[in-house]
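Asker: Sequence first, then the predicted structure:
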Amino acid sequence: MTFAQDKLVDLVDYVGHVIKLGEKPVFALADYRQLLFHEADLKDRIGIEHDKPDDNGDLWLKIHRLKRIDPPEVPEEIRDWITVGRNPFSQSTVQAVRTETIHQEEANEYIKLGILDESDIQPALKPSGSNAQCDVVFRIEKQPDIKKAVEDYISGPWSQWAEEEKPRRETIRIYEAFFSLQQSIQSQGSEYPLELVWGIGVARWRTSGKVIDHPLIEQLVEIEIDSEDGSIVIRPRGTQPQLALKPFFALDNPGAETVLSFARGFFANFAEDEELSPFLPDTFTQVLRQATSHLDQGGQYYADEIADITYRGIPPVSDTLTVTDTWAIYAR
């Protein structure tokens with residue numbers, strides 16, 4: 001570009017920055033009141049893949065469309081004693097007592113076997129047929145074989161199914177949240193458009209009467225539904241990464257302008273084939289470290305503070321700025 005063109009680009013960037021400063025700053029991700037998932041929510045889950053390039057370019061996230069698996073069939077001999085739902089997070093309901101209308105002769109046999117007591121038998125309220133009938137109360141405690149079969153089913157096949165199904169249902173829940181968002185984005189009006197953001201480097205800080213809980217680097221991403229298998233795919237959009245420093249400017253943080261300037265230069269100096277990626281620390285770590293030290297003299301870069309480098313959680317909010325190297329996906 002010519003000198004004049006270069007200055008014009010700088011001017012446009014500056015005007016855009018001023019406009020953004022005029023908007024009300026969002027200090028915490030929860031304030032968007034939209035979809036929000038942190039890295040730890042989406043890592044190491046069945047049916048969720050990260051950083052999987054395909055024919056259409058970089059693919060940052062893929063959520064497969066999983067199907068619910070029903071619980072194992074209940075053995076016939078205990079079906080009247082147990083109610084099994086399709087929710088692996090809810091325990092099956094065992095009937096301690098069960099009422100049934102039977103013939104008197106059959107009731108007498110149960111008395112001989114010790115399954116029924118005389119007090120468990122009453123004349124039938126709604127008899128049917130010509131034979132004498134009665135209402136009886138069966139108690140599972142009086143049928144140890146039935147009780148053991150119920151316990152064996154719950155502790156065996158059902159528990160095994162539930163443990164395998166729970167992570168599947170969590171992925172399904174996540175899929176449904178993103179699916180709903182994608183539908184909302186498609187049907188939205190131009191007045192209140194939704195956008196999906198991939199934030200990198202969560203800053204957490206209690207300062208000046210405010211709580212900051214927001215990523216420092218933002219990359220707009222697009223969400224699509226694969227027409228072949230129904231999976232949800234998320235890719236970076238063809239836009240430049242931005243610094244989310246509005247809260248710091250709103251609080252007149254003296255280091256905010258320095259961080260903004262450094263980040264602009266850092267991203268502008270990317271090689272032609274280099275792009276920001278939440279999976280390549282070299283593409284963002286320097287920016288986060290600069291932010292940590294310039295926004296708060298006592299700031300901590302969380303990756304340096306934890307012993308387990310595989311830990312991807314976020315620290316509690318404190319009076320010291322803490323910046324993570326983790327990412328989050330959120331709509332606004």
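Answerer: Right, received. Where do you want to start?

Asker: The longest helix seen in the chain - what's its average pLDDT?
Answerer: Counting residues, the longest helix found in the chain (DSSP state H) is helix 159-187. Taken as a whole, helix 159-187 has an average pLDDT of 96.

Asker: Could I get the buried residue list for the helix or strand following that helix?
Answerer: Sequence-wise, the next helix or strand downstream of helix 159-187 (DSSP states H and E) is strand 196-207. For strand 196-207, burial by neighbour count (16 or more other Cβ atoms under 10 Å) applies to Leu196, Val197, Trp198, Gly199, Ile200, Gly201, Val202, Ala203, Arg204, Trp205, Thr207. (Glycine included, C-beta is placed from N, CA and C.)

Asker: How about the fifth one: what's its closest non-neighbour residue?
Answerer: With Cβ to Cβ, 6 or more residues apart in numbering as the measure, Ile217 is the residue that lies nearest to Ile200, at 4.3 Å, once sequence neighbours are left out.

Asker: From the contact counts, what lies against the helix or strand that neighbour falls within?
Answerer: Using DSSP H and E, Ile217 sits within strand 210-225. Using 3 or more Cβ pairs under 8 Å, 6 or more residues apart in numbering; DSSP states H and E, the elements in contact with strand 210-225 are helix 159-187, strand 196-207, strand 232-236, strand 242-243, helix 246-250, helix 285-295, strand 327-331.

Asker: Touching, Tyr301 and Thr320? I think so.
Answerer: No: using Cβ atoms under 8 Å, Tyr301 is not in contact with Thr320; the gap is 11.4 Å.

Asker: Of the two, give the one with the bigger neighbour count.
Answerer: Neighbour count, other Cβ atoms under 10 Å: between Tyr301 and Thr320, Tyr301 has more, with 18 against 15.

Asker: in the stretch 101-250 of the chain, what spans have low per-residue confidence?
Answerer: The stretch 101-250 of the chain contains residues with pLDDT under 70 at 129-130, 189-192.

Asker: returning to what we had before: tabulate the helices and strands packed on strand 210-225 in CSV, adding columns for distance to Lys112.
Answerer: Output for the helices and strands packed on strand 210-225, formatted as CSV (distance: least, Cβ to Cβ, whole Å):
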stretch, distance to Lys112
helix 159-187, 36
strand 196-207, 70
strand 232-236, 63
strand 242-243, 82
helix 246-250, 79
helix 285-295, 79
strand 327-331, 67
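
Asker: for the nearest residue in space to Val211 that is not next to it in sequence, helix, strand, or coil?
Answerer: On the basis of Cβ to Cβ, 6+ apart, the spatially nearest residue to Val211 that is not a chain neighbour turns out to be Val317, at 5.7 Å. Following DSSP: H, G, I helix; E, B strand; the rest coil, the label given to Val317 is coil.

Asker: how about Val317, phi and psi?
Answerer: Here is the backbone geometry of Val317 (degrees, to the nearest 10): phi -70, psi 140.

Asker: where does the closest residue in space to Lys126 that isn't next to it in sequence fall, helix, sheet strand or coil?
Answerer: The shortest distance from Lys126 to any non-neighbouring residue, by Cβ to Cβ, 6+ apart, is to Thr101 (7.3 Å). Here Thr101 is recorded as strand under three-state DSSP.

Asker: these two touch, right, Thr101 and Ala124?
Answerer: Yes: between Thr101 and Ala124 there is a contact under Cβ under 8 Å: 5.2 Å.

Asker: where exactly do the strands run in the stretch 1-150 of the chain?
Answerer: All strands of the stretch 1-150 of the chain, identified by DSSP state E, counting those that start in this stretch, fall at 36-38, 48-50, 61-63, 82-83, 93-94, 97-103, 121-123, 133-139.

Asker: With Arg168 as the reference, name the closest of those.
Answerer: With respect to Arg168, and counting by Cβ to Cβ, the nearest of the strands of the stretch 1-150 of the chain is strand 48-50 at 11.1 Å.

Asker: Counting by contacts, list what the closest one packs against.
Answerer: Packed next to strand 48-50, using 3+ Cβ pairs under 8 Å, 6+ apart, are strand 61-63.

Asker: partners of the strand it packs on, with directions?
Answerer: Each strand paired with strand 61-63, and its direction, by DSSP bridges: strand 48-50 (antiparallel), strand 232-236 (antiparallel).

Asker: So for it, mean pLDDT?
Answerer: Mean predicted confidence for strand 61-63 is 97.

Asker: Off-centre distance for it?
Answerer: Remark: strand 61-63 is offset 12 Å from the chain centroid, using Cα atoms, centre = their mean, to the nearest Å.

Asker: before we move on, what about stretch 302-311?
Answerer: With Cα atoms, centre = their mean, you get 22 Å for stretch 302-311.

Asker: export it as PDB, just CAs?
Answerer: Below are the C-alpha coordinates for stretch 302-311, written out as PDB (Å, rounded to 0.1, in the frame of the first residue of the first chain):
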ATOM      1  CA  TYR A 302      -2.300 -18.600  34.900                       C
ATOM      2  CA  ALA A 303      -0.400 -21.200  32.800                       C
ATOM      3  CA  ASP A 304       2.700 -20.300  34.700                       C
ATOM      4  CA  GLU A 305       1.000 -20.700  38.100                       C
ATOM      5  CA  ILE A 306      -0.500 -24.200  37.800                       C
ATOM      6  CA  ALA A 307       1.500 -27.400  38.100                       C
ATOM      7  CA  ASP A 308      -0.700 -29.500  35.800                       C
ATOM      8  CA  ILE A 309      -0.200 -28.200  32.300                       C
ATOM      9  CA  THR A 310      -3.200 -30.300  31.100                       C
ATOM     10  CA  TYR A 311      -5.600 -28.500  33.400                       C
END
